[in-house]
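1. give me coordinates for this.
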Amino acid sequence: MVKRLLVIFLSVFTFFAFAQKPDATIDTLTVGYDLAPPFIIQDNEQLQGINIWLWQRIANDLNLEFKMVPMGFTPMLDSLEAGSIDICINPLTITSERNRKMLFTDSFYASNATIAVAEISSIQKLLQFIKSFFNLNFLKGLMLLLLIIFLFGLFAWYFERKANREHFRKGYRGIWDGIWWSAVTLTTVGYGDKAPITRSGKITALVLMFGGLLFISGLTASIASSLTLEQLNSNPDGFNEFKDKPVGSITNSSTAQFLKDHFFKDIELYDGVIAGLNGLKDREIEAFVYDEPILKYRIQEDSSLTSLRVLPLKFDVQFYAFGLAKKRVVLEQKISQRILEIMETREWQVLLNEYGLTEL
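-> Predicted structure coming up:
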């Protein structure tokens, strides 16, 4: 009986020993990171930013020994999947595909994707303004206006050519007098140098004045609509505006996958945000799509990117978390618990405000 109990005890002990093995011998953790301001910022030899502060706080509270290893974004994800690093402290977006390859802590920040575009020059704005006057609807309205001026000018000359020869002369000169009178009347300029005196001529003038008032109002609205349309085309109000245009994003990012899933046809992938924004500045692409807080911070802090701006668009909501190797189950649970506790403190809100971020 004693031997049997001893065998059972040893079996249970061995089971729990192996079950806890992945995290039982945590010595020095290998922490991978890639620069992602304002979350991870390189200031000379010092690392700063939201995620650096958060990780150092967690490591201190949990008495974790670690070494920081700078890596490119794609190699970092590959290393995390392979287990050659223990944790990635970049703001990783939680996705189903990544979740199959690594563990995620609880999310510490909710963000969204947005679009950066290059500001157009003054000359380009002028050309767009001029171009707006040559759309089909505007040209149709202009031709109709000229036709109305000609027809009513011809009617006025016909009715006035005998009784009002002083204002409406004979022949082609009289026709020109009628056209001039029609144009002045229709545009409500009213010089008064020519006026009809016959009943038919006055009726023609009344029809032209009241009908012309309505027509000019419609034509003005058409011009305004044309200009507004051009303005909207230069300031898109949705990411669908870019589906047929060359756009950029980051290799292996959730935003790049989002663009593919939404049938964007021409996607250029870059190794980093700066490379992508420089590509946008050099007109390699027409828009750069990525995480809003990172894009805004980069453009605000880099004086060479002042020609770029972020559109007021929000889509593809993303939840940021730390990523861990699959073997670090117990460690992930401890870090997740500590993240939730830190997020409930006022200190966390002050930190976000310091970097110009707010929760969604």
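2. helices or strands next to the particular helix or strand that has Leu154 in it in the packing?
-> Assigned by DSSP states H and E, Leu154 falls within helix 136-160. Counting contacts by 3 or more C-beta pairs under 8 Å, 6 or more residues apart in numbering; DSSP states H and E, helix 136-160 is packed against helix 171-186, helix 199-234. In this view, the C-beta of every residue, glycine as well, is placed from N, C-alpha and C.
3. okay, those helices in a markdown table with mean pLDDT and mean neighbour count next?
-> Below are the helices and strands packed on helix 136-160 laid out as a markdown table (pLDDT from 0 to 100; neighbours: other C-beta atoms under 10 Å):
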| stretch | mean pLDDT | mean neighbour count |
| --- | --- | --- |
| helix 171-186 | 86 | 19 |
| helix 199-234 | 71 | 14 |
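4. and those as a markdown table, adding distance to Val310?
-> Putting the helices and strands packed on helix 136-160 into a markdown table (distance: least, C-beta to C-beta, whole Å) gives the following:
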| stretch | distance to Val310 |
| --- | --- |
| helix 171-186 | 46 |
| helix 199-234 | 15 |
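5. and Asn137, how many neighbours?
-> 12 (other C-beta atoms under 10 Å).
6. my bad, should have said Phe159
-> For Phe159, using other C-beta under 10 Å, the count is 22.
7. how close does it sit to Gly83?
-> Separation of Phe159 from Gly83 (C-beta to C-beta, to the nearest Å): 96 Å.
8. ok, Val310 - contacts?
-> Contact analysis of Val310 by C-beta atoms under 8 Å, 6 or more residues apart in numbering lists Thr114, Ile115, Ala116, Glu292, Leu295, Lys296, Ile299.
9. could you say what helices and strands the helix or strand containing the second one packs with?
-> For Ile115, the element it lies in under DSSP H and E is strand 109-118. Strand 109-118 is packed against helix 273-281, strand 287-291, helix 292-301, strand 308-310, strand 315-324, with contacts defined by 3+ C-beta pairs under 8 Å, 6+ apart.
10. each with direction, which strands does the second one pair with?
-> Think strand 287-291. strand 109-118 (antiparallel), strand 246-250 (parallel) (DSSP bridges).
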